[in-house]
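1. what would the 3D arrangement of this be:
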Amino acid sequence: MEITDRQMEIIEAAGKILTTSGINGLTTKNVAAEMKFTESAIYRHFKSKEDIIVAMLHYLAETMDARLSDAVSAASGPEERFKALFRSQYRFFKAEPHFVVAVFSDGLMEQSERINDAILKIMATVMRQLMPIVMEGQQKQVFTNAISAEELLHIVLGTFRLQMFKWRVANFGFDIDRQSENMIAALLTLIKTR
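-> Numbering: from 1, shown residues only. Alright, predicted model coming up:
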């Protein structure tokens with residue numbers, strides 16, 4: 001999906017509104033006011049609030065894939081790649097908290113099937129990056145084989161999702177760097193062979 005510079009500005013303004021006012025505060029009228037535009041100027045770039053959110057999520061999925069590939073390829077061994085993947089995710093979300101609201105907001109998933117599909121694409125991107133790490137870890141007996149790679153993936157991603165949701169609900173009010181390192185260490189303790 002090709003996003004113009006102006007569309008990216010609109011996405012960023014929408015992200016700011018999502019972060020401060022939540023999904024209910026995100027309207028094309030509020031985006032226009034944030035940008036000091038008329039609503040009709042927003043409609044030249046996006047047909048609706050839904051289109052803005054979908055573009056935001058597609059942008060995230062596309063940039064996430066490249067970012068995670070870079071992070072994982074720079075690390076060696078499954079444990080280090082596991083850490084690199086999640087550290088990359090945490091750094092990104094800390095720098096761009098509006099994406100946390102977009103991806104980890106329960107209310108957003110009830111908005112439309114297109115939004116759900118875009119969120120599923122993001123999940124698929126993370127799973128596609130993480131699955132080879134888990135499988136390699138199991139093959140090299142670094143990670144447990146007591147449960148399948150797919151089940152390990154669900155446990156790990158569910159834990160990550162819960163932590164991001166808690167950070168969002170806490171209005172980004174706790175130290176995500178410390179909490180993320182604790183979570184990565186805890187997950188590795190659970191999934192590594194003894």
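2. state which helix of this structure is the longest.
-> In the chain, assigned by DSSP state H, the helix with the most residues is helix 113-139.
3. packing partners for it?
-> Secondary-structure packing of helix 113-139 (3 or more CB pairs under 8 Å, 6 or more residues apart in numbering; DSSP states H and E): helix 49-73, helix 78-95, helix 106-109, helix 149-169. Where you see a C-beta, it was placed from the backbone N, CA and C, and this is true even at glycine.
4. lowest average pLDDT across those helices?
-> The minimum mean pLDDT among those belongs to helix 106-109 (a mean of 58).
5. one step back: now the helices and strands packed on helix 113-139 in CSV, with distance to D177 and mean neighbour count?
-> Shown next, in CSV, are the helices and strands packed on helix 113-139 (distance: least, CB to CB, whole Å; neighbours: other CB atoms under 10 Å):
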stretch, distance to D177, mean neighbour count
helix 49-73, 16, 18
helix 78-95, 7, 19
helix 106-109, 25, 14
helix 149-169, 11, 16
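6. show the average pLDDT along the longest helix of the chain.
-> Summarised as a single mean, pLDDT over helix 113-139 is 92.
7. buried residues, that helix. List them.
-> By neighbour count on 16 or more other CB atoms under 10 Å, the buried set for helix 113-139 is 115, 118-119, 121-122, 125-126, 129-130, 133-138.
8. wait, M35 touches E9, no?
-> Yes - here M35 reaches E9: they are 6.8 Å apart, a contact under CB atoms under 8 Å.
9. show the backbone phi and psi for L26.
-> Phi and psi for L26, reported as degrees, to the nearest 10, are phi -80, psi 100.
10. what's the burial count for it?
-> 25 (other CB atoms under 10 Å).
11. which SS class is the residue lying closest to it once chain neighbours are set aside?
-> Sequence neighbours aside, I17 is the residue nearest to L26 in space, at 5.0 Å (criterion: CB to CB, 6 or more residues apart in numbering). Here I17 is recorded as helix under DSSP: H, G, I helix; E, B strand; the rest coil.
12. run a quick neighbour tally on I17.
-> 21.
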